[in-house]
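Peer 1: Sharing a sequence plus its predicted fold:
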Amino acid sequence: MISGAADQAGTLRSMQDQRDSSTTELNMPMTRVLSITSGKGGVGKTAVVSNVAVSMAKLGKKVLIIDADLGLANIDVVLGLAPPYNLNHFFNGERTLEEVMVEGPHGLKILPAGSGVQQFTRLDGQLKMRLIESLDALEEQFDVVLIDTEAGISDNVTYFNVAAQDILVVTTPEPTAITDAYALMKLLSTQFHQKHFLLAVNSVREPDEGLDVFEKLTMVSGRYLDISLDYLGCIPFDRKMHESVREQRVMVDLAPDHKVAKAFVELAENLIDTPMNTQAQGTLQFFWKQFLGVGSEAS
């Protein structure tokens with residue numbers, strides 16, 4: 001992992017050398033980049049991403065979803081889309097990001113990933129640079145970019161989390177999910193210098209259960225890690241979510257007055273209202289031109 005961080009820092013520095021910093025518009029409105037991540041699979045992370053994205057779009061935000069699960073993608077399935085191309089075509093050099101991008105509900109845009117292909121489950125430095133450069137060209141089109149990472153602590157997971165300005169960790173009240181969420185924050189903190197995390201708790205039986213998870217993670221991270229953790233809310237458990245998945249419609253569209261849909265909208269509003277982390281905290285960040293001069297400390 002350490003060598004990966006050094007590689008990312010070197011990549012960013014080489015790109016900085018190619019850009020005249022005097023032409024950087026530091027005061028321009030910044031695109032907010034949020035990674036939505038989890039240590040454990042099966043916590044409903046993609047449901048959070050899709051519902052939050054649609055909620056933000058309905059609130060007037062220009063939203064892009066990047067499906068960063070490059071081996072087992074499903075954000076397009078959740079949204080009922082059948083894209084002709086995916087990020088595998090981009091990494092193969094067959095298509096541009098603009099050509100890969102598809103439109104979803106309420107005008108939000110999606111960069112879908114491929115599924116069942118192992119080739120890009122670990123991106124090398126050259127592919128990471130290509131992705132950064134191509135996303136940089138799209139920057140002014142979006143207010144918010146949501147990165148749906150794969151589960152676990154793979155190299156791709158750490159790469160996309162480090163590339164975001166803010167990291168939203170999704171967990172459930174299950175002990176294994178809480179343990180894995182802590183393990184992911186520990187890795188990102190100790191090896192990739194991430195010091196600030198946001199938390200959402202999915203599938204709670206009652207609101208106090210979400211607060212209890214937050215308190216547990218705050219206690220253990222306060223004892224062993226030098227990080228801050230902000231609680232943004234919880235999503236109640238309801239079998240209506242199964243209907244949403246079957247119909248390939250997000251809850252905020254399928255049943256906007258349902259308690260689960262209202263919880264997703266509240267989470268989206270909390271994310272919008274939470275001040276953006278403008279201090280680059282790791283080895284690289286999208287969009288990198290807004291953070292010239294950062295990342296050198298991670299080499």
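Peer 2: Structure's in. What do you need?
Peer 1: Look at I66 and tell me its secondary structure.
Peer 2: strand (DSSP: H, G, I helix; E, B strand; the rest coil).
Peer 1: now it: how far from T149?
Peer 2: Noted for I66: a distance of 9 Å to T149, by CB to CB, to the nearest Å. The way it works is simple: take the backbone N, C-alpha and C, and place the C-beta from them, glycine included.
Peer 1: hey, what's in contact with both of the two?
Peer 2: Residues touching both I66 and T149 (CB atoms under 8 Å, 6 or more residues apart in numbering): F160.
Peer 1: all strands of the stretch 51-200 of the chain, in order?
Peer 2: Using DSSP state E, counting those that start in this stretch, the strands of the stretch 51-200 of the chain run over residues 63-68, 102-103, 109-111, 144-149, 166-171, 196-204.
Peer 1: list the helices and strands the third one packs on?
Peer 2: So the one you mean is strand 109-111. strand 63-68, strand 102-103 (3 or more CB pairs under 8 Å, 6 or more residues apart in numbering; DSSP states H and E).
Peer 1: likewise the first one?
Peer 2: Packed against strand 63-68, as judged by 3+ CB pairs under 8 Å, 6+ apart, are the following elements: helix 45-58, helix 75-78, strand 109-111, strand 144-149, helix 155-162.
Peer 1: neighbours of the residue nearest to A163 when sequence neighbours are not counted, just the number please.
Peer 2: Nearest residue to A163, sequence neighbours excluded (CB to CB, 6 or more residues apart in numbering): F286, at 4.8 Å. When counting by other CB atoms under 10 Å, one arrives at 24 neighbours for F286.
Peer 1: in the chain, which residue is closest to the centre?
Peer 2: Residue closest to the mean C-alpha point of the chain, counted by CA atoms, centre = their mean, is S35 at 1.8 Å.
Peer 1: so what strands line up beside the strand or helix carrying that one?
Peer 2: S35 belongs to strand 32-37 when assigned by DSSP states H and E. According to DSSP bridges, strand 32-37 has the following sheet partners: strand 144-149 (parallel), strand 166-171 (parallel).
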